[in-house]
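**Student:** What would the 3D arrangement of this be:
(one chain, ligands or ions: 1)
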Amino acid sequence: MKNFEIIGGSPLFGKVQTSGSKNICLAIMAGSLLCKGKTTLTNVPHITDVDNMSKVINSLGVKCEFVSPNTLEIDATEITNVVTEYKYVSKMRASFNVLGPVLARKGHAAVSRPGGCNIGDRPIDLHVLALKKLGARTIESSDKIEMSHNGLVGTIIGFDTVTVGGTQHAITGSCLAKGETQIINAAIEPEVTVLIDFLNKAGADIRRDKQNTIYITGVKELKGVEFRIPFDRIEAGTYVSFAAMTKGDIIVEDIVPYHMSAFLYKMTEIGVGIDVIDDNKLRVKATDRLKAANLSTAVFPGFPTDMQPAYTTLMTTASGVSRITENIFNGRFKFISELQRMGANCDYTTNTAIVTGVRSLTGVEMVAPDLRGGTALICAGLGAKGVTKLHDPNGFIIRGYENLVDKITGIQGKIRTYEDQD
Ligand code: UD1
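**Tutor:** Model prediction:
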């Protein structure tokens, strides 16, 4: 069990280096199952989600291991098992994404249904729809999705809802299909476009147009390649929010500004100074009290839902009233009840929060409700008066942030971890 103790109220100063993107890495690890031969991924964040995904891949009979602290080798020349068990999928929903690649390679795959989720409903119907459209047959049971085929065939897949995981699955499912596949109303998050870059490097033929349609011409085989995982836009945004909350002045290194533009624009709107340096660094400086502004989360290039908890936290001490509308997931305000215990003035329903800024928050003892909600509470603790104790019995936070405590202390934040006595 990990607990965090934060002594709030000190501005953050210094430089922080971003790690490779968790979500891009997980998608590419699943995608590497399409490749015959050795895939070498560099700049991989060493976090528990990546360790769990490695275990999923190992369970399929595929070698997947760290060969240096941030380099992962996956050799999917052979896949000897096509069943992914619940013990893996229940730990991490992204492991469901191995279904398409294993199905495409082996003609048969089964993955346990992911269980409930702590940020709201997360159905998998669109993932399954995409694979069915490609010609896969389904044997659905209450506990697993099992699919088979005698040759996937290119088709048109149209999504009613923009889905990152569903789009990734439609792409990985169609890379080896016969003929052309079109994915209409595809997600174009970096987690999708970088997956496309990886697969194209491995020999796939994937293009996309300005109308968010993705075109895939099936190829016979993909080969293993070396690929660098780009920066984590959510991790970078998290450090920006820490600096903004503490009236700090930090440099966030190794970023791609375009991947964060809606978030950075919003930061400037609420009064955070943002300067892009050399196209790959950010200087973040906050001096005055932040100003309240409304927010609506949206698919890329809109404001990412994963940054909503941090933004809502910034609004708790901004001047004025803000309305936050969460449009992607319906259970993403659980952290607010903990902010209220710190003195925040917030009312919320399933998808809307109204936040009236107060002068300051006060540190209390709290529990992390999920990954991004948990780091939002760290953000609150860094800005609050006194000591915050954040319990994370499910280990949500270490699932997604590499060296979080070292990185925060490296920019003069006062945080430490401790284990429970009993
Ligand atoms: C991914 C990210 C997550 C991020 C989210 C949105 C990973 C591991 N996770 O999640 O951090 O918050 O994108 O940017 O990369 N939906 C359906 N049916 C489906 C699939 C999705 O209705 O079959 C709905 C969801 O309930 C949600 C919306 O589509 O309302 C978007 O979800 P989606 O983009 O698929 O999120 P994930 O890929 O699960």
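**Student:** measure Arg359 to Thr297 for me?
**Tutor:** Arg359 sits at a distance of 27 Å from Thr297 (criterion: C-beta to C-beta, to the nearest Å). Every C-beta, even on glycine, is put in place using the N, C-alpha and C of the backbone.
**Student:** and if you look at Val102?
**Tutor:** Relative to Thr297, Val102 is positioned 32 Å away (C-beta to C-beta).
**Student:** repeat for Tyr418
**Tutor:** Tyr418 sits 34 Å away from Thr297, going by C-beta to C-beta.
**Student:** Compare neighbour counts for Val102 and Thr297 and give me the winner.
**Tutor:** Higher neighbour count among Val102 and Thr297: Val102, with 26 against 21, using other C-beta atoms under 10 Å.
**Student:** Just say helix, strand or coil for the more buried one.
**Tutor:** helix (DSSP: H, G, I helix; E, B strand; the rest coil).
**Student:** my read: Ile255 touches Asn280, true?
**Tutor:** Yes. Proximity of Ile255 to Asn280 meets the contact threshold set by C-beta atoms under 8 Å, at 6.1 Å.
**Student:** Comparing these two, which residue is more hemmed in?
**Tutor:** Shown here are Ile255 and Asn280; by other C-beta under 10 Å, Ile255 has more neighbours (25 against 14).
**Student:** Which of the helices or strands spans that one?
**Tutor:** Per DSSP states H and E, Ile255 falls between elements, in no helix or strand.
**Student:** go on, the one 10 residues further on?
**Tutor:** For Tyr265, the enclosing helix or strand under DSSP H and E is helix 261-269.
**Student:** The following helix or strand past that helix packs against which elements?
**Tutor:** For helix 261-269, the following helix or strand on the C-terminal side (DSSP H and E) is strand 273-277. Judged by 3 or more C-beta pairs under 8 Å, 6 or more residues apart in numbering; DSSP states H and E, strand 273-277 is in contact with helix 261-269, strand 281-285.
**Student:** tell me the most buried of the ones you listed?
**Tutor:** Stretch with highest mean neighbour count among the helices and strands packed on strand 273-277: strand 281-285 (a mean of 19; mean count of other C-beta atoms under 10 Å).
**Student:** and it with strand 273-277, angle?
**Tutor:** Between the axes of strand 281-285 and strand 273-277, defined by axes from the mean of the first three to the mean of the last three C-alpha atoms, to 10 degrees, the angle is 160 degrees.
**Student:** Please name the nearest non-neighbouring residue to Pro114.
**Tutor:** Arg93 (4.6 Å; C-beta to C-beta, 6 or more residues apart in numbering).
**Student:** Any chance of the backbone angles for that neighbour?
**Tutor:** The phi and psi values for Arg93, taken as degrees, to the nearest 10, are phi -60, psi -30.
**Student:** Let me know how buried it is, in neighbour terms.
**Tutor:** Applying other C-beta under 10 Å, we find 16 residues neighbouring Arg93.
**Student:** try Asp121
**Tutor:** Residues within reach of Asp121, counting by other C-beta under 10 Å, total 9.
**Student:** Name the nearest residue to it, sequence neighbours excluded.
**Tutor:** Asn330 (5.9 Å).
**Student:** Can you give me the buried ones in stretch 74-93?
**Tutor:** Within stretch 74-93, the residues scored as buried using 16 or more other C-beta atoms under 10 Å are 74-76, 79, 82, 84, 88-89, 91-93.
**Student:** Could you verify my assumption that Val153 touches Glu180?
**Tutor:** No. Val153 is not in contact with Glu180 according to C-beta under 8 Å; the separation is 9.9 Å.
**Student:** Please report the distance of the residue nearest to Ser21 when sequence neighbours are not counted from Asp205.
**Tutor:** Nearest non-adjacent residue to Ser21, counting by C-beta to C-beta, 6+ apart: Asp232, 4.0 Å away. As judged by C-beta to C-beta, Asp232 and Asp205 stand 28 Å apart.
**Student:** Ok, Ser10 next?
**Tutor:** In this view, Ser10 and Asp205 are 52 Å apart by C-beta to C-beta.
**Student:** coming back round to it: isn't the residue nearest to Ser21 up against Thr18?
**Tutor:** Yes. If you go by C-beta under 8 Å, Asp232 and Thr18 touch, sitting 5.6 Å apart.
**Student:** nearest to Glu146, of the buried residues of stretch 74-93?
**Tutor:** The nearest member of those to Glu146, counting by C-beta to C-beta, is Val82 at 9.1 Å.
**Student:** which residues sit in contact with the closest one?
**Tutor:** 60, 102, 106, 108-110 (C-beta atoms under 8 Å, 6 or more residues apart in numbering).
**Student:** which bits of the chain sit near the ligand?
**Tutor:** 23, 26, 94, 121-127, 161, 163-166, 187, 189, 191, 304-306, 328-329 (C-beta under 6 Å from any ligand atom).
**Student:** Please repeat the previous calculation with a cut-off of 5 Å.
**Tutor:** 23, 94, 123-127, 161, 163-166, 305-306 (C-beta under 5 Å from any ligand atom).
**Student:** could I get stretch 233-248 in PDB with only the CA atoms?
**Tutor:** The C-alpha atoms that make up stretch 233-248 are tabulated as PDB, following Å, rounded to 0.1, in the frame of the first residue of the first chain:
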ATOM      1  CA  ARG A 233       1.000  14.700 -22.500                       C
ATOM      2  CA  ILE A 234      -1.100  13.900 -19.400                       C
ATOM      3  CA  GLU A 235       1.900  13.600 -17.200                       C
ATOM      4  CA  ALA A 236       3.300  16.900 -18.600                       C
ATOM      5  CA  GLY A 237      -0.100  18.600 -18.000                       C
ATOM      6  CA  THR A 238      -0.100  17.300 -14.500                       C
ATOM      7  CA  TYR A 239       3.200  19.100 -13.700                       C
ATOM      8  CA  VAL A 240       1.800  22.200 -15.300                       C
ATOM      9  CA  SER A 241      -1.100  22.000 -13.000                       C
ATOM     10  CA  PHE A 242       1.100  21.500  -9.900                       C
ATOM     11  CA  ALA A 243       3.100  24.700 -10.800                       C
ATOM     12  CA  ALA A 244      -0.200  26.600 -11.400                       C
ATOM     13  CA  MET A 245      -1.600  25.500  -8.100                       C
ATOM     14  CA  THR A 246       1.500  26.500  -6.100                       C
ATOM     15  CA  LYS A 247       2.200  29.700  -7.900                       C
ATOM     16  CA  GLY A 248       5.500  28.200  -9.100                       C
END
